[in-house]
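S.K.: mind folding the following:
(2 chains)
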Amino acid sequence: MNIGFIGLGLMGRPLALHLAKAGHTLHLWARRAASLDPFKDVGAQAHASPAEVAKHADIVFTMVADAPDVREVTLGADGIAAGSRKGLIVVDMSTINPNAAREIGAALEAKGIEFVDAPVSGGEVGAINAALTIMVGGKPEVFEKVKPLFEKMGKSITLIGGIGAGQVAKACNQILTGVGVMAVAEAFNFAAKNDVDVAKVREALLGGFAYSRILENHGQRMLDRNFKPGFKAWMHQKDLRIVMEEAHRLGLMLPAAAATAQLFNAIVGSGMGEEDSIAALKLLEKLSTPDQ
Amino acid sequence: MKIGFIGLGGMGRPMVEHLRAAGHELAVWSRRPVSADFLPPEVPRAAAPVELARQCEIVCTNVTGSADVAGLAAQLIDGLAPDSIHVDFSTIAPSVARAIAARYAERGMHFVDAPVSGGTAGARAKTLAIMWGGREELSARLDPLFACLGKSAVRVGAAGAGQVAKASNQLVMVAAIQAAAEAARLAAASGVDFAKVRQALLGGSAASRVLDLFGGLVMVAAIQAAAEAARLAAASGVDFAKVRQALLGGSAASRVLDLFGGKMQARDFAAGVEARLHHKDFVTTLAEATAQNIPLPVASTVLQQLDVLMAAGWGMDDTSRLLCVLERAGCNDFNERNTT
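M.R.: Below you'll find the model as predicted:
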């Protein structure tokens, strides 16, 4: 199959390589030519614009930073829509605002292009190991066409609902992981400030009702004081911004997410945006310690 | 009429001076005798709180916390004559004030909680705002005393009501301080001179767009705090009109508490300023906070309340509707809980 891929960053690069390894022909466009280097040996074809990519592909994947970027590569000048053939499927794997996904999907459908939103959870490691969780929104018949390709990238693939539903699921994921990381950081800081062995606390809690994968994995990395990303704090800040944008649009009470979003502002503002989101622990430690 | 005084710290000392200057006969007790050294030798020093209680018709205390007041009350009660009054100026828990008042009432004595706003500067300048709770007929004996100490004294309600008003005072004041701090941070992060922002806000001539946002942040946070004070009063069975009146005399006084607090009190939710406009401004402000990487916890919480306000369909009403958002969550009013 001829597959387009736009957005060859930390996440997009390994995913595109999985598709090439499965025997598909890749059609690529990248803002920076250097991003194409890892694809020299897999027979990928580089193009001058997203429109050119669309002309040669049956399905185009996008994996970019935020909603304006998705709009630009799909609906902008020389965007995918400008070069599309009838029946083209656009699969956006970026994490963006659900409502923006619905708007982009509707605009593409009006031009006869199918759209599914398919944000992922699992980070760079999950992408490299083809072990991502993929949350999909779109028509069931379109999902079925894309599903064999998703299976090359992830382990858990779920059609959640119509266009935008994948982004809603991802937003829910970010509420749980954002608040969850903060909760584990709070518990660890609480234990440490009470002069209790944090490792023992974690070990004990793993056997009880407070067990979570965040307590297990993120908790271990907090104990090791390994703040290497993983999932960068600034990305979690962005995702919680999306959550709160929707809360403000729909009038939703999300007090824990709101407080956590402010703490992520503080983490990034303190210069820890490039670290893993478990840098939350360092922020809480700093704020719980007398100022020098 | 002899007045006893316990608690000769930064607040108590100037209060004692004012009472003496007004011609009241005074006696004191202090844990450390040196604390009374500022007084001339002719002022009697009691050997113990209970001794002071035996000599005085009114005993004032101005100490630190609930435990200190409860400890003193347990001693004073054995010395106070029937119909005498213990006036406590400390800031303590309303429930502790109520419990002491009940114990005194069984033995025919009175407890009055009379926390103050204005700090040591207000104590020195006789400009304290006194908010008191206790039996109404005590006014005749207490008003002349309070007149020596502050510029306003409001009876908020029964025993404990003064402490509810003080809690509201702290809530309103510290929320406003935090909102001002957030405005200052937002200004610094946006490269705007906060001194100019502050000057413009104080003049009420918020002309530019930037000033609208800053003004909104400080103002709506203050409206939210006023709404929370109103809820606290209602949940505690205390008249918010009285609380508001008491607070307007103290450090928490503001135009917002005056105007929006007044609308809440009257339950007049006609705009005014349409809440949807504040909601829109706060969405912009919080987006700016995220873009600049600064935490604005109070602004964020206020926006959450505005979100709920919008969801309830009150966007075209006045922002004092924030009170109704609070009423949708948590307990019923004190009076409803105790009649049904």
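S.K.: mind listing what the residue nearest to A:Gly123 when sequence neighbours are not counted touches?
M.R.: Closest residue to A:Gly123 in three dimensions, ignoring its sequence neighbours and counting by Cβ to Cβ, 6 or more residues apart in numbering or on different chains: A:Phe231, at 5.0 Å. In this view, the C-beta of every residue, glycine as well, is placed from N, C-alpha and C. With contacts defined as Cβ atoms under 8 Å, 6 or more residues apart in numbering or on different chains, the neighbours of A:Phe231 are A:123, A:177, A:276-277.
S.K.: ok, now A:Glu52?
M.R.: By Cβ under 8 Å, 6+ apart, the contact list for A:Glu52 reads A:27, A:29, A:78, A:83.
S.K.: next structured bit after whatever helix or strand it lives in?
M.R.: Assigned by DSSP states H and E, A:Glu52 falls within helix A:50-56. For helix A:50-56, the following helix or strand on the C-terminal side (DSSP H and E) is strand A:59-62.
S.K.: enumerate the residues of the stretch 101-250 of chain A near chain B.
M.R.: Counting by Cβ under 8 Å from any Cβ of the partner chain, the residues of the stretch 101-250 of chain A close to chain B are A:237, A:241, A:244, A:247-248, A:250.
S.K.: among those, which are in helices?
M.R.: Residues from these lying in helices, with DSSP state H as the criterion: A:237, A:241, A:244, A:247-248, A:250.
S.K.: rebuild those as CSV, extending it with distance to A:Pro290, pLDDT and neighbour count.
M.R.: As requested, those are exported to CSV (distance: Cβ to Cβ, whole Å; pLDDT from 0 to 100; neighbours: other Cβ atoms under 10 Å in any protein chain shown):
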residue, distance to A:Pro290, pLDDT, neighbour count
A:Gln237, 27, 96, 24
A:Arg241, 32, 96, 21
A:Met244, 32, 96, 27
A:Ala247, 35, 95, 23
A:His248, 36, 94, 22
A:Leu250, 41, 93, 12
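S.K.: the residues you listed into JSON lines, with extra columns for distance to B:Gln305?
M.R.: Below are those laid out as JSON lines (distance: Cβ to Cβ, whole Å):
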{"residue": "A:Gln237", "distance to B:Gln305": "22"}
{"residue": "A:Arg241", "distance to B:Gln305": "19"}
{"residue": "A:Met244", "distance to B:Gln305": "14"}
{"residue": "A:Ala247", "distance to B:Gln305": "12"}
{"residue": "A:His248", "distance to B:Gln305": "12"}
{"residue": "A:Leu250", "distance to B:Gln305": "15"}
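S.K.: who's in contact with residue 20?
M.R.: Because you didn't say which chain, this covers chain A. Neighbours of A:Ala20 in contact, by Cβ under 8 Å, 6+ apart: A:26, A:39, A:42-44.
S.K.: try again with chain B
M.R.: Counted by Cβ under 8 Å, 6+ apart, B:Arg20 has contacts B:26, B:43.
S.K.: mind listing what's buried along the helix or strand containing it?
M.R.: Using DSSP H and E, B:Arg20 sits in helix B:12-21. Under the neighbour-count criterion of 16 or more other Cβ atoms under 10 Å in any protein chain shown, helix B:12-21 has B:12-20 buried.
S.K.: what is the neighbour count of residue 97?
M.R.: All of this refers to chain A. Counted by other Cβ atoms under 10 Å in any protein chain shown, the residues lying close to A:Asn97 total 21.
S.K.: I was thinking of chain B, sorry if that wasn't clear
M.R.: Count around B:Ala97 with other Cβ under 10 Å applied: 30.
S.K.: related to what we said a few turns ago, from the contacts of A:Glu52, which land in strands?
M.R.: A:27, A:29 (DSSP state E).
S.K.: list just the nearest of the contacts of A:Glu52 to B:Leu76.
M.R.: For these, the residue nearest B:Leu76 by Cβ to Cβ is A:Trp29; the value is 84.2 Å.
S.K.: name whatever forms a beta bridge with that closest one.
M.R.: Beta-bridge partners recorded for A:Trp29 (DSSP bridges): A:Ile6.
S.K.: isn't it up against A:Ala54?
M.R.: No: taking contacts as Cβ atoms under 8 Å, A:Trp29 lies outside contact range of A:Ala54: 9.5 Å.
S.K.: how about chain B: which residue is closest to chain A?
M.R.: Using Cβ to the nearest Cβ, the single residue of chain B nearest to chain A is B:Ala311, 2.7 Å away.
S.K.: near the residue lying closest to that residue once chain neighbours are set aside, how many other residues are there?
M.R.: Ranked by Cβ to Cβ, 6+ apart and with sequence neighbours excluded, the top spatial neighbour of B:Ala311 is A:Gly251, at 2.7 Å. A count of nearby residues for A:Gly251, using other Cβ under 10 Å, gives 17.
S.K.: what sits against A:Gly251?
M.R.: A:Gly251 touches B:307-312, counting by Cβ under 8 Å, 6+ apart.
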